[in-house]
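> this is a predicted model, with the sequence first.
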Amino acid sequence: MPEPLEQDHGTRAVPSGRGGYAQTVGQPGADCAALQSELEGLRAALSSRPVIDIARGILIASTPCTSQQAWDVLVAASQNSNIKLRDIAHQLVESFHGSPLPPATRRVLHTAIRHIRAH
């Protein structure tokens, strides 16, 4: 039977002597920084979620399309323009309130809508 492993707070697993295996982990400081980064990302995602949902609603009402198709339009527009999805959503919502939609965003949204409708 292999010798049980335990964490040594390095990047490798070591024997634990307790009959089980411990998960391999990185340095404690690096783990904390990674968790902090993940937390910040999750907070940003939560805060941008409402504007993305509103943008989807605008697309559903104006194109018309399904909720999934509206999501696909936003994703395609983001990927094809190298603009973050939340930024495209924000620009679309702002345009609904009277601000001009940036020409680059308008182009990628129109292209994505045509592509989604063709399929």
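Perfect, I can see it now. Predicted model only: the values in this text are computed from it and were never measured.
> point me to the residue sitting closest to the centre of the chain.
residue 45 (6.7 Å; Cα atoms, centre = their mean).
> how close does that one sit to residue 115?
25 Å (Cβ to Cβ, to the nearest Å). Quick note: C-beta positions are derived from backbone N, CA and C, even for glycine.
> test my guess that residue 88 contacts residue 79.
No - using Cβ atoms under 8 Å, residue 88 is not in contact with residue 79; the gap is 10.3 Å.
> neighbour count: the two, which is higher?
residue 88 (26 against 12; other Cβ atoms under 10 Å).
> name the helix or strand for the more buried one, please.
If you go by DSSP states H and E, residue 88 is part of helix 85-96.
> now for that helix, which elements pack on it?
In terms of contacts (3 or more Cβ pairs under 8 Å, 6 or more residues apart in numbering; DSSP states H and E), helix 85-96 is packed against helix 28-62, helix 67-81, helix 103-118.
> can you tell me which of the ones you listed is most buried?
helix 67-81 (a mean of 18; mean count of other Cβ atoms under 10 Å).
> what does that helix contact?
52, 55-57, 59-60, 63, 65, 83-85, 88-89, 104-105, 108-109, 111-113, 115-116 (Cβ atoms under 8 Å, 6 or more residues apart in numbering).
> switch to 7 Å and redo it
Defining contact as Cβ atoms under 7 Å, 6 or more residues apart in numbering, one finds that helix 67-81 is touched by 52, 55-56, 59-60, 84-85, 88-89, 104-105, 108-109, 111-113, 115-116.
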